[in-house]
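Engineer: Here is a sequence with its predicted model. Questions after.
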Amino acid sequence: MAPLNVNFACALYDRMVPLASGEVPTPGLNVNFVEVQHPRDIFDRMVANKEFDVSELSASEYITRYVAGDRSFVAIPVFASRVFRHSFICVNTNIIKKPEDLNGKRIGVQLYHMTAAVYIRGILKHEYGVDLSTIEWVQGKMETPGSHGQPSVLPLLKPVNITNNTDPTKSLSDLLECGEVAATIGADIPECLGRAPHVQRLFPNFKDVESDYYKRTGIFPIMHLVAFRREYYEANKFVASALFNALEDSKEIARKRMESLGALRYMLPWLGRDLVEIKETFGGDCWPYGLEENRKTLEALVQFLYEQNMIERTVPIEELFAPVRRINFRIG
């Protein structure tokens with residue numbers, strides 16, 4: 001039987017390269033890797049038009065749609081992107097000195113519904129007692145005027161004070177620099193950081209703060225998962241396990257290459273030191289796939305979505321993902 005064709009859209013992360021290059025065997029599948037540079041473009045094309053068989057997808061957008069009854073997509077527990085987000089909270093220090101100063105302020109956010117913002121708000125609420133209900137959220141692009149992509153997001157279940165940046169001459173970065181917003185959060189750093197002395201990270205020692213957060217909570221924030229169009233999945237259910245294992249193999253090859261330090265694969269002069277710290281912090285694979293390995297992080301995301309009026313109920317994480325059969329790493 002001829003292998004099944006599958007179009008897979010994703011950014012070309014290091015963990016995807018061996019799959020994209022064809023180095024990883026994909027029994028039963030003929031994978032056409034569609035490289036798209038910006039994840040927001042992938043999300044918009046997949047959600048609006050179901051343009052791909054499978055793609056990288058925003059974790060928060062997937063979960064909110066699933067809980068609302070939209071079962072257009074079926075996820076597997078592969079996490080294309082994950083990022084600690086403490087370092088993405090930038091403040092105008094003329095207004096904000098400490099986390100509780102954010103209460104009652106205007107805060108710029110690229111998109112209220114974006115996963116990065118969901119995690120950041122959850123951290124501010126649970127770790128620092130910030131009252132999210134007192135804040136006005138100003139949506140817009142970080143570096144240019146306008147909106148962040150063309151997302152098809154679901155309405156919130158309760159009113160939240162969200163406005164859009166309608167200034168045709170200013171980005172969120174500009175608004176932060178001039179004090180029209182007190183802080184920005186999201187998936188990008190404002191370009192005024194490092195240029196304007198009064199714009200700083202809320203947590204200048206973010207690496208220590210993020211490491212401590214992980215050690216206390218076990219949460220390494222997941223941004224993007226991998227999801228199939230439901231029609232494609234229902235017609236070819238073996239693809240869930242087949243692609244899961246191929247992506248696991250691809251990640252393992254990338255990890256081994258990263259750890260080969262004779263000739264640095266990445267432009268990180270102290271990568272060796274960083275790898276030691278990563279092993280000390282995570283104790284093994286810092287980027288695991290699978291449900292149990294990511295239970296604390298996924299359950300935190302579901303809880304944050306519920307608290308932030310984006311889903312009407314919490315759901316078991318097992319409900320959110322297709323079952324997969326794991327095969328041990330198969331490439332020497």
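Structural biologist: Received, thanks.
Engineer: Could you say which helix or strand holds Thr166?
Structural biologist: Assigned by DSSP states H and E, Thr166 belongs to no helix or strand.
Engineer: do the same with Tyr213
Structural biologist: Counting by DSSP H and E, Tyr213 is part of helix 206-217.
Engineer: same for that helix, what does it pack against?
Structural biologist: helix 271-282 (3 or more C-beta pairs under 8 Å, 6 or more residues apart in numbering; DSSP states H and E). Every C-beta, even on glycine, is put in place using the N, C-alpha and C of the backbone.
Engineer: Report the buried residues of the helix it packs on.
Structural biologist: Buried residues in helix 271-282, counted by 16 or more other C-beta atoms under 10 Å: Leu271, Leu275, Ile278.
Engineer: The second one is in contact with Met258, isn't it?
Structural biologist: The one in question is Leu275. Yes: under the criterion of C-beta atoms under 8 Å, Leu275 is in contact with Met258, at a separation of 7.5 Å.
Engineer: pLDDT averaged over the helix holding Tyr213 - what is it?
Structural biologist: Throughout helix 206-217, pLDDT has a mean value of 98.
Engineer: which is the next helix or strand following it?
Structural biologist: Trace forward from helix 206-217 with DSSP H and E and the next one is strand 222-229.
Engineer: to the chain's geometric centre, what's the distance from that following strand?
Structural biologist: Mean C-alpha position of strand 222-229 versus that of the full chain (C-alpha atoms, centre = their mean, to the nearest Å) differs by 9 Å.
Engineer: Who are the packing partners of that strand?
Structural biologist: Packing partners of strand 222-229 (3+ C-beta pairs under 8 Å, 6+ apart): strand 54-58, helix 59-67, strand 73-82, helix 115-128, helix 238-258, helix 295-307.
Engineer: For the helix or strand just after the fourth one, give me every contacting residue.
Structural biologist: Stepping forward along the backbone from helix 115-128, the first helix or strand reached (DSSP H and E) is strand 136-139. When contacts are taken as C-beta atoms under 8 Å, 6 or more residues apart in numbering, the neighbours of strand 136-139 outside the stretch itself are 105-112, 147-148, 160-165, 172, 175, 181.
Engineer: what pLDDT, on average, does the helix or strand following strand 136-139 get?
Structural biologist: Downstream of strand 136-139, the first helix or strand assigned by DSSP H and E is strand 162-164. In this model, strand 162-164 has an average pLDDT of 97.
Engineer: can I get the CA coordinates of the next helix or strand after strand 162-164 in CSV?
Structural biologist: Note on strand 162-164: by DSSP H and E, the next helix or strand toward the C-terminus is helix 172-178. What follows is helix 172-178 as a C-alpha-only set of coordinates in CSV (Å, rounded to 0.1, in the frame of the first residue of the first chain):
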residue,chain,number,x,y,z
LEU,A,172,2.5,48.7,21.7
SER,A,173,6.2,49.4,22.1
ASP,A,174,5.6,53.1,21.5
LEU,A,175,2.8,53.2,23.9
LEU,A,176,4.9,51.6,26.6
GLU,A,177,7.8,54.0,26.0
CYS,A,178,5.6,57.1,26.2
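Engineer: quick revisit: could I get the buried residues of helix 271-282 as CSV with pLDDT and distance to Ser72?
Structural biologist: Output for the buried residues of helix 271-282, formatted as CSV (pLDDT from 0 to 100; distance: C-beta to C-beta, whole Å):
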residue, pLDDT, distance to Ser72
Leu271, 96, 40
Leu275, 96, 40
Ile278, 95, 36
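Engineer: Serialize these to JSON lines and add fields for distance to Glu234.
Structural biologist: Output for the buried residues of helix 271-282, formatted as JSON lines (distance: C-beta to C-beta, whole Å):
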{"residue": "Leu271", "distance to Glu234": "43"}
{"residue": "Leu275", "distance to Glu234": "41"}
{"residue": "Ile278", "distance to Glu234": "39"}
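Engineer: Of these, which is the nearest to Asn205?
Structural biologist: Ranked by distance to Asn205 (C-beta to C-beta), the buried residues of helix 271-282 are led by Ile278 at 17.9 Å.
Engineer: show me the residues around the closest one that make contact.
Structural biologist: Here Ile278 is in contact with Cys286 (C-beta under 8 Å, 6+ apart).
Engineer: which SS class is Glu191?
Structural biologist: With DSSP: H, G, I helix; E, B strand; the rest coil as the basis, the three-state label of Glu191 is coil.
Engineer: Find the nearest non-adjacent residue to it, please.
Structural biologist: Ser173 (5.1 Å; C-beta to C-beta, 6 or more residues apart in numbering).
Engineer: ok, that neighbour to His86 distance?
Structural biologist: According to C-beta to C-beta, to the nearest Å, Ser173 and His86 sit 19 Å apart.
Engineer: Show me which of these two is the more surrounded one.
Structural biologist: Ser173 (26 against 23; other C-beta atoms under 10 Å).
Engineer: which residues touch the more buried one?
Structural biologist: Listed by C-beta under 8 Å, 6+ apart, the contact set of Ser173 reads Met142, Glu143, Thr184, Pro190, Glu191, Cys192.
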